[in-house]
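Chemist: Predicted model and sequence follow; I will ask about them next.
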Amino acid sequence: MIGIIGKKLGMTQIFTADGQPVPVTIIEVPMATVMALKTKESDGYKAIKVASGTRKEKHLTQPELGQFKKAGMEPALWVAEFRLEDLADWEVGKQYGVSIFDGEKKVTVIGTSKGRGFAGTIKRHKFSRGPSSHGSHNVRAPGSLGAHSYPARVFPGKKLPGHMGVERKTVKNLELVKIDAENNLLFIRGAVPGASNGKIIVRKQNG
């Protein structure tokens, strides 16, 4: 489904015609440029590869820089692919912006969640606390792991303390409240994953 790459500016509220406040996240979406077409014959699937934003050459690797030179365009900050069934309306160099969401009521948002560092099982996996009185020493500990003399080890994948956050998160069916085409802004109801100034991908819900 077609989408676009943007930057999360933060949250605020706007008011409806009858004066009701609506909490929204503002996404700044610069113009996106198609840098390559993926076809079934050459790549095994159909998609468009788009670039957005600006970046200095010195911050790119040689392979990354080669992609932009091949497309005949300046280095961009973000690159993403969007799978499409029909590529007839797309060509290398074509630009598009927030206007692709005209008439859309719902969107899908993809972002990277905030990093929380090393977290325990209560914060990371929503475990319950243990008893905190009568001399209990199992207040915030994860508790028994269920291993006996066999297998005498902890199986991989067990819910334990560890690094939390910095994960790709996808949220569907978010309401698109407003489109500001003049300033390249999208106003999406509620919160979206990620920190302010983070990369956000906004896709159409259907089509």
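Modeler: Everything's here; your move. Numbers count the residues shown, from 1 in each chain.
Chemist: helix or strand right after the helix ranked longest in the chain?
Modeler: When the chain is parsed with DSSP state H, its longest helix is helix 62-71. Sequence order places strand 78-83 as the next helix or strand after helix 62-71, per DSSP states H and E.
Chemist: Enumerate the positions of that following strand that are buried.
Modeler: Across strand 78-83, burial judged by 16 or more other Cβ atoms under 10 Å covers 78-80, 82. All C-beta atoms are positioned from the backbone trio N, CA, C, and that covers glycine.
Chemist: buried stuff in the longest helix of the chain?
Modeler: Using 16+ other Cβ under 10 Å as the test for burial, helix 62-71 gives 67-68, 71.
Chemist: Identify the bridge partners of the residue most central in space within the chain.
Modeler: The geometric centre of the chain, computed from its C-alpha atoms, lies nearest to Gly111 (Cα atoms, centre = their mean), at 1.7 Å. Counting by DSSP bridges, Gly111 forms beta bridges with Lys169, Ile200.
Chemist: Which of the buried residues of strand 78-83 sits closest to Ile201?
Modeler: Ala80 (5.9 Å; Cβ to Cβ).
Chemist: give the contact list for that closest one.
Modeler: With contact taken as Cβ atoms under 8 Å, 6 or more residues apart in numbering, Ala80 is in contact with 3, 5, 49-50, 52, 201.
Chemist: re the thing from before, mind listing what the residue nearest to the centre of the chain touches?
Modeler: By Cβ under 8 Å, 6+ apart, the contact set of Gly111 is 8, 168-169, 192-194, 198-201.
Chemist: Run a quick neighbour tally on the closest residue in space to Leu77 that isn't next to it in sequence.
Modeler: Nearest residue to Leu77, sequence neighbours excluded (Cβ to Cβ, 6 or more residues apart in numbering): Gly53, at 3.0 Å. Counted by other Cβ atoms under 10 Å, the residues lying close to Gly53 total 18.
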